[in-house]
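Visitor: test case, fold it:
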Amino acid sequence: MSRFVQPVPPPVDPYAGDGLLRSWLERHLGPGGHAAAKGRLADLAADVTGPLRAAHADAEAHPPTLVRYDPWGARVDRIDTSAGWQEQRAAAARHAVVALPYLPDARGTWGAAARVVQHALLHLYGPESATFSCPVAMADGAAALLSMPDVDATVRAAWLPRLISTDPATAITSGQWMTESQGGSDLGRSSTLGRPAADGSWRLTGEKWFCSAADAAMAVALARPEGAGRGSRVLAPFLVPRYAVDSPLADGAAPGAPAPGVTVHRLKDKLGTRALPTAEIGLRDAYALPLGDPAVPGLVRAMTLVVVTRVHNAAAAAGGMRRGLDYARAYAEVRHVAGGPLVSSPLHRATLGTLAVDAAGAFALAGHAFALLGRVEVGADPEAAAELRIVAPLAKLATGRLAVSSASEYVESFGGAGYVEDTGVPRLLRDAQVLPIWEGTTNVLALDVLRALTREDAGVPLLSRLAAAVDLARPLSPVLADTLATAAAQLTETISAVTVDPGASAVLAGARGLALRLAYALTTALLVEHAAWGDEQAELAARLWARRWLRHEEIAEDAHHHLDLLC
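Guide: Numbers count the residues shown, from 1 in each chain. Predicted coordinates:
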């Protein structure tokens, strides 16, 4: 008797096989704009299904290591990474995953919608990048910060071209050194101090606790300028070179040596994102360059970076959900249970169909955030800026939570094989769990949403979008329109109530629930908008999303019947 071996086919091509992605691009770019992007997207998809999938596996199998000393006792703090990690780094540059929205030819072709194309690139690249999508996000955030007009032009000229280079030989990424062990997200407790030097540079001293992409050539660090006082508003962002080659204080040190004053204490042993080097880093009079005037409270400037990394976080969540769905569907096609393929089971089809609804909603929410970001950057659209203020945290918090629940289902859909590390399936869950944590936990972001509603009137553009979507939904489905109208009315009432006393314990305790309700209603509106443009999949997803997340109804039967359209 021969031993049975379960065949596991690869999932569909992530670009050609994703109808929602392609129709989204057709709507936002127009036929000509989408045609201009197809070659770039198809090339990346081919790399993802071939060499990058192998590079991803290699990077996961060979996590980074820290070498503190060379053979002769010199402190080197070298982080060794795998060939797969280096291949992911090169591919990110080659495919312009960071650079695209900054390239003049891309802006000339797509204008503000260059960010829409970038979101599509991330949707393809991120899920099997061994979480190189994290340094990609931080490099993009650093590039956005360096592009601000109040940043010194010489600093911008020295660093921005390297961050947005499409040549793997010259492209760099950035880390983000913000949190400290005593404060975490409570930045007001940050104790890293900055003092000016005679040449216009600064020196930073402090301890940074969670520094991802610790092998990157630079980092954006928050520090309290000398004499600036207490609290978080006065913190200022600084650019810190990671290696001696970029530090004027190095004085003949080997180029690959750490910059003077930068010490890597240890690498983090994390639940997931194991290929990504994350470290605790000490600063002792480390050379730094201010990004803007440190005499002016700088936390608002740093939020330029944070908004970018939050929308990247949403893209990572949505992309991972879609790729997990593709893997689970491919497995169900060949796995036989009770005499037939698993994909023919009504119960399993219902499970996959429900996951597809969640994946569609997450994609629309992340995609909308990128579209708004592009309109802010190209044209300085004030309406987009006002809406992005609340959409960025909403997209991040809602997709992060959806990614974890979906990943748990994907692991379960493989049965025992989903619990075995060398299948690669458990990584879906381990890596998803970071998404509600990075760039602010769900509760931190919920309070940020509350501040946006009560201090900046950010509910106005969101409620306006909901109202417009009600009108768009009416010809599609009166029930859908009524569901969205009811949700919008309830949210309007709740927002009015919380603004009366935003510090009340009931308001604060309910901030998470309010934020999620806002995100679910917004997602319904976004799916309705795409459905009204003419996408049948989006129309079905909108109906089922509204039933699932606004009416809290069971959608299993419809998810089973319509699985093929939803996927």
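Visitor: not counting sequence-adjacent ones, nearest residue to Arg547?
Guide: Distances taken as Cβ to Cβ, 6 or more residues apart in numbering place Glu553 nearest to Arg547, at 4.4 Å, with adjacent residues excluded. The C-beta positions use only the backbone N, C-alpha and C, and glycine is treated the same way.
Visitor: I'd say the one you found and Trp545 touch.
Guide: No: assessed by Cβ atoms under 8 Å, Glu553 is found out of contact with Trp545, at 11.0 Å.
Visitor: between those two, tell me which one has more neighbours.
Guide: Trp545 (24 against 13; other Cβ atoms under 10 Å).
Visitor: what are the ranges of the strands in the stretch 301-450 of the chain?
Guide: 336-337, 340-341 (DSSP state E, counting those that start in this stretch).
Visitor: for the ones you listed, which one sits closest to Arg284?
Guide: strand 336-337 (60.3 Å; Cβ to Cβ).
Visitor: name the residues that touch that closest one?
Guide: 342, 345, 348 (Cβ atoms under 8 Å, 6 or more residues apart in numbering).
Visitor: could you do stretch 407-414 as well?
Guide: Contacts for stretch 407-414 (Cβ under 8 Å, 6+ apart): 320-321, 324-325, 327-328, 331-332, 348, 351-352, 355, 418-419, 423, 425-426, 428-429, 431-433.
Visitor: quick one: strands adjacent to the longest strand anywhere in the chain?
Guide: Among the segments of the chain that qualify as a strand by DSSP state E, the longest is strand 278-290. When sheet partners are counted by DSSP bridges, strand 278-290 sits next to strand 202-212 (antiparallel), strand 236-241 (antiparallel), strand 262-267 (antiparallel).
Visitor: could you dump it to PDB, C-alpha only?
Guide: C-alpha atoms of strand 278-290 as PDB (Å, rounded to 0.1, in the frame of the first residue of the first chain):
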ATOM      1  CA  THR A 278      13.500  44.100  15.300                       C
ATOM      2  CA  ALA A 279      15.900  45.400  18.000                       C
ATOM      3  CA  GLU A 280      16.400  47.300  21.200                       C
ATOM      4  CA  ILE A 281      18.700  50.100  20.400                       C
ATOM      5  CA  GLY A 282      20.600  52.500  22.700                       C
ATOM      6  CA  LEU A 283      21.700  56.000  21.600                       C
ATOM      7  CA  ARG A 284      24.600  57.800  23.300                       C
ATOM      8  CA  ASP A 285      25.300  61.100  21.700                       C
ATOM      9  CA  ALA A 286      24.400  59.600  18.300                       C
ATOM     10  CA  TYR A 287      24.600  61.900  15.300                       C
ATOM     11  CA  ALA A 288      21.100  63.100  14.100                       C
ATOM     12  CA  LEU A 289      19.600  65.500  11.700                       C
ATOM     13  CA  PRO A 290      16.400  67.400  12.500                       C
END
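Visitor: tell me the mean pLDDT for it?
Guide: The average pLDDT for strand 278-290 rounds to 97.
Visitor: and that strand, how far out from the chain middle?
Guide: Put simply, strand 278-290 sits 25 Å off its chain's centre (Cα atoms, centre = their mean, to the nearest Å).
Visitor: likewise for stretch 542-559?
Guide: For stretch 542-559, the distance to the chain centre is 26 Å (Cα atoms, centre = their mean).
Visitor: mind giving me the packing neighbours of the longest helix anywhere in the chain?
Guide: Looking across the chain with DSSP state H, the single longest helix is helix 299-334. Counting contacts by 3 or more Cβ pairs under 8 Å, 6 or more residues apart in numbering; DSSP states H and E, helix 299-334 is packed against helix 114-125, helix 133-146, strand 218-225, strand 236-241, strand 340-341, helix 346-377, helix 382-413, helix 426-432.
Visitor: residues in contact with the closest residue to Asp80 other than its chain neighbours?
Guide: Nearest residue to Asp80, sequence neighbours excluded (Cβ to Cβ, 6+ apart): Thr65, at 5.0 Å. Going by Cβ under 8 Å, 6+ apart, Thr65 touches 79-80, 267.
Visitor: wait, what's in contact with the nearest residue to Leu435 once chain neighbours are set aside?
Guide: Nearest non-adjacent residue to Leu435, counting by Cβ to Cβ, 6+ apart: Gly400, 4.0 Å away. By Cβ under 8 Å, 6+ apart, the contact set of Gly400 is 313-314, 317, 435-437, 442.
Visitor: select, out of the strands of the stretch 301-450 of the chain, the one closest to His34.
Guide: Short answer: strand 340-341, nearest of the strands of the stretch 301-450 of the chain by Cβ to Cβ, at 34.2 Å.
Visitor: ok, that closest one: who's next to it in the sheet?
Guide: Applying DSSP bridges to the sheet, strand 340-341 is found paired with strand 336-337 (antiparallel).
Visitor: can you give me the offset of the strand it pairs with from its chain's centre?
Guide: For strand 336-337, the distance to the chain centre is 36 Å (Cα atoms, centre = their mean).
Visitor: nearest to the spatial middle of this protein, which residue is it?
Guide: Asn313 (1.6 Å; Cα atoms, centre = their mean).
Visitor: nearest to Ala469 among the contacts of Gly400?
Guide: Out of the contacts of Gly400, the member with the shortest distance to Ala469 (by Cβ to Cβ) is Ala314, at 19.6 Å.
Visitor: quick one, strands of the stretch 51-200 of the chain?
Guide: 65-69, 75-80, 174-177, 193-196.
Visitor: same for the third one, what does it pack against?
Guide: In this case it means strand 174-177. Against strand 174-177 (3+ Cβ pairs under 8 Å, 6+ apart) you get helix 133-146, strand 202-212, strand 218-225.
Visitor: ok, and what's touching that strand?
Guide: Contacts of strand 174-177 (Cβ under 8 Å, 6+ apart): 135, 138-139, 141-143, 163, 208, 211-214, 216-222, 240, 242, 281, 305, 309.
Visitor: pull up the pairing partners for that strand, direction included.
Guide: When DSSP bridges is applied, strand 174-177 pairs with strand 218-225 (parallel).
Visitor: check the burial of the residue lying closest to Arg75 once chain neighbours are set aside by counting its neighbours.
Guide: Leaving out its chain neighbours, the residue that sits closest to Arg75 by Cβ to Cβ, 6+ apart is Tyr69, at 6.0 Å. Counted with other Cβ under 10 Å, the neighbours of Tyr69 add up to 11.
Visitor: coming back round to it: between the contacts of Gly400, which is closest to Gln182?
Guide: Among the contacts of Gly400, and counting by Cβ to Cβ, the member closest to Gln182 is Ile437, at 17.9 Å.
Visitor: list the contacts of that closest one.
Guide: Contacts of Ile437 by Cβ under 8 Å, 6+ apart are Gly400.
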